[in-house]
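**Q** What shape does this take:
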Amino acid sequence: MTEESLFIKKLVEKYGKSREALLPILQATVRTYRYLSESAMNEIAAQLDISPAQVYGTATFYTFLDVEKRGKYVIRLCKSIIAEMKGKREIQKAIENTLKIKMGETTPDGLFTLLETNDIGWSDAEPSMLINEMPYTNLTPESVIEIISDLQAR
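**A** Okay, the predicted model is just below:
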């Protein structure tokens, strides 16, 4: 049994085999492995006795359940209309220029992935982004460069 299979087995023991257990199991798997591999989704399906298509359908429905390998730091830039009005494009350009990637890409070192996401709930403090689960608000091109530099230095 692989490490991933053992991990999923422990999650099933914790959350149970009901349909309601699927989402917390998917979330925990993404937190640990940063994405849902095909083998992980197949293992979850087998453990919960549901079809792989049901697991994949659920995983791809939710924005934060990645089915592609992502960087250590996933930057999710809010693309709400308010963010657009308050300078989201300049923030995106600053991130892309600093990391030398485009939206949807991951840096060659696997450290950063840049994605857009719908409203993250910080409309009063746009432009905003999440890096993994940490929100950053009232962004400026200078502040995002500083945030990225701090993460690169870790």
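**Q** Domain-wise, how is the protein divided?
**A** By the assignment in automatic domain parsing, the chain contains the domains 3-59, 73-153.
**Q** any chance of the ones you listed in TSV, plus mean neighbour count and mean pLDDT?
**A** Glycine gets a C-beta too; all of them are placed from N, C-alpha and C. Shown next, in TSV, are these (neighbours: other CB atoms under 10 Å; pLDDT from 0 to 100):
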stretch	mean neighbour count	mean pLDDT
domain 3-59	16	95
domain 73-153	17	95
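**Q** tell me the contacts of the residue nearest the centre of the chain?
**A** For the chain, Phe64 is the residue whose C-alpha lies nearest the centre (CA atoms, centre = their mean; 4.6 Å). By CB atoms under 8 Å, 6 or more residues apart in numbering, the contact list for Phe64 reads Gln27, Val30, Arg76.
**Q** Just confirm it is within a strand.
**A** No. Applying DSSP: H, G, I helix; E, B strand; the rest coil, one finds Phe64 to be coil, outside a strand.
**Q** quick one, strands of this structure?
**A** 73-78, 112-117, 129-131, 134-136 (DSSP state E).
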